[in-house]
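Next comes the sequence, and after it the predicted model I'd like to discuss.
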Amino acid sequence: MKTNKDAHKSVLLDQAIEGLNIRPNGLYIDGTYGCGGHSQLILKKLNNQGQLLMFDKDQLAVNMARDKYGKDPRVSIFHKSFAEAVNVVEQMKLKNQVDGILLDLGVSSPQLDDKERGFSFMKDGPLDMRMDQTSGLSASDWIAHADEHEMTSIFRNFGEEKFAKRIAKEIISFRSREPILTTYQLTSVIEKALPFKEKNKHPATRTFQAIRIHINKELVDLEIALENLLKILSSKARIVIISFHSLEDRIVKRYMRDQERGPIYPKRLPIKHKKIQGSLRIIGKAIKPCDQEIRNNPRARSAIMRIAEVTA
């Protein structure tokens, strides 16, 4: 999650840049440009031979990147998901030359703060939630057509919402009378469906998260990116990933653990050690924001960063 560029630094900014272990003449990817906090620090550490590829689904973020860095010869900017990085790198004939990639997952503060984007249940606005507003179904479009089974599954799997079925039934009942077009409409429907309010958590939190993850294919994109990372990374390249909820972090943690362990062969096979050596080495323990950063930026409280290095 990126932070408001005027109010805060990007979450775990210094730790992320340190984790990348930047080589001045290296090639790096910022997979989620956002407000550009991480990109700015990466570029400060690169010399004239260094390169930075910036990706973002959000056209507004891409426009901001082009305004700021469009004339920098070290920079290439793409209005694409980081899941497409492997294709871009291969087209640029830079396969196995990327020295590090940073993924700051989730929704950005500018997206949350703009009521017209529909990400926040705290502000009334159109029920959109698309990171890329140039394509795909909006949240209101999806809600208008999804059946009870699909909604229940999405709310339960992506929001870990135990009252998923009750919420799905209430949405279907409401939309039979009028369309659900705004964030406040959806929030009121969710509140009506829940039997009680959970302390210190807004009743719409899990459902909004689930819808956002689904329509933006966030976990799908993450899985695709991780599956292809080793095709583009150089020896000793670093992977730095900041997650903001347990679904993302479990995927990242499992990936790094499995790649560190390496392939599993039946016992007693005459296999040389280098054949079973893992492709990654996990660097340190998972890193979380300190108390001071959380006080300065409450949205950082759920962040967790993991770092790994290519062994080959």
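Nice, I can see it.

tell me which element Val240 falls in.
Using DSSP states H and E, Val240 falls within strand 233-243.

helix, strand or coil for Asn228?
At Asn228 the chain is in helix, as set by DSSP: H, G, I helix; E, B strand; the rest coil.

Could you do Asp67 as well?
What three-state DSSP gives for Asp67 is helix.

re earlier: which secondary structure elements does the strand holding Val240 contact?
Here strand 233-243 touches helix 13-20, strand 98-104, helix 246-261, strand 304-310, going by 3 or more Cβ pairs under 8 Å, 6 or more residues apart in numbering; DSSP states H and E. In short, each C-beta sits where N, CA and C put it, glycine included.

now the angle from it to helix 246-261?
Regarding strand 233-243 and helix 246-261, their directions subtend 150 degrees when assessed with axes from the mean of the first three to the mean of the last three Cα atoms, to 10 degrees.

What segments of the stretch 151-300 of the chain are helices?
164-175, 183-193, 205-216, 218-232, 246-261, 273-276, 291-296 (DSSP state H, counting those that start in this stretch).

from those, which stretch is densest packed?
Taking mean count of other Cβ atoms under 10 Å as the contact definition, the stretch among those with the greatest mean neighbour count is helix 205-216, which reaches a mean of 22.

So what's the gap between it and the chain middle?
Averaging C-alpha positions (Cα atoms, centre = their mean, to the nearest Å) puts helix 205-216 13 Å from its chain's average.

same check, this time on stretch 92-110
11 Å.

Begin at 24 from now on, thanks
Got it, first residue is 24 now, which makes that one stretch 115-133.

Can I get it in PDB? Just the C-alpha atoms.
Output in PDB follows, covering the C-alpha atoms of stretch 115-133 (Å, rounded to 0.1, in the frame of the first residue of the first chain):
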ATOM      1  CA  MET A 115      13.100  -5.700 -24.100                       C
ATOM      2  CA  LYS A 116      15.600  -8.600 -24.400                       C
ATOM      3  CA  LEU A 117      16.600  -8.200 -20.700                       C
ATOM      4  CA  LYS A 118      15.800 -11.800 -19.600                       C
ATOM      5  CA  ASN A 119      17.900 -12.900 -16.600                       C
ATOM      6  CA  GLN A 120      19.300  -9.300 -16.200                       C
ATOM      7  CA  VAL A 121      16.900  -7.900 -13.600                       C
ATOM      8  CA  ASP A 122      18.800  -7.300 -10.300                       C
ATOM      9  CA  GLY A 123      15.800  -6.700  -8.100                       C
ATOM     10  CA  ILE A 124      12.000  -6.400  -8.000                       C
ATOM     11  CA  LEU A 125       9.800  -4.600  -5.500                       C
ATOM     12  CA  LEU A 126       6.100  -5.300  -5.100                       C
ATOM     13  CA  ASP A 127       4.200  -3.000  -2.700                       C
ATOM     14  CA  LEU A 128       0.800  -4.800  -2.900                       C
ATOM     15  CA  GLY A 129      -2.700  -3.700  -2.200                       C
ATOM     16  CA  VAL A 130      -4.600  -0.500  -2.700                       C
ATOM     17  CA  SER A 131      -2.900   2.900  -2.600                       C
ATOM     18  CA  SER A 132      -3.800   5.800  -0.300                       C
ATOM     19  CA  PRO A 133      -4.700   8.100  -3.300                       C
END
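
Pull out the buried positions in it.
Within stretch 115-133, the residues that count as buried by 16 or more other Cβ atoms under 10 Å are 117, 121-133.

Farthest-apart pair in those, please.
Of all pairs drawn from those, the one with the largest separation by Cβ to Cβ is Leu117 and Ser132; the distance is 31.1 Å.

measure the most centrally placed residue in the chain to Ser325 for me?
Centroid-nearest residue in the chain: Leu128, 2.0 Å away (criterion: Cα atoms, centre = their mean). Taking Cβ to Cβ, to the nearest Å as the measure, Leu128 falls 11 Å from Ser325.
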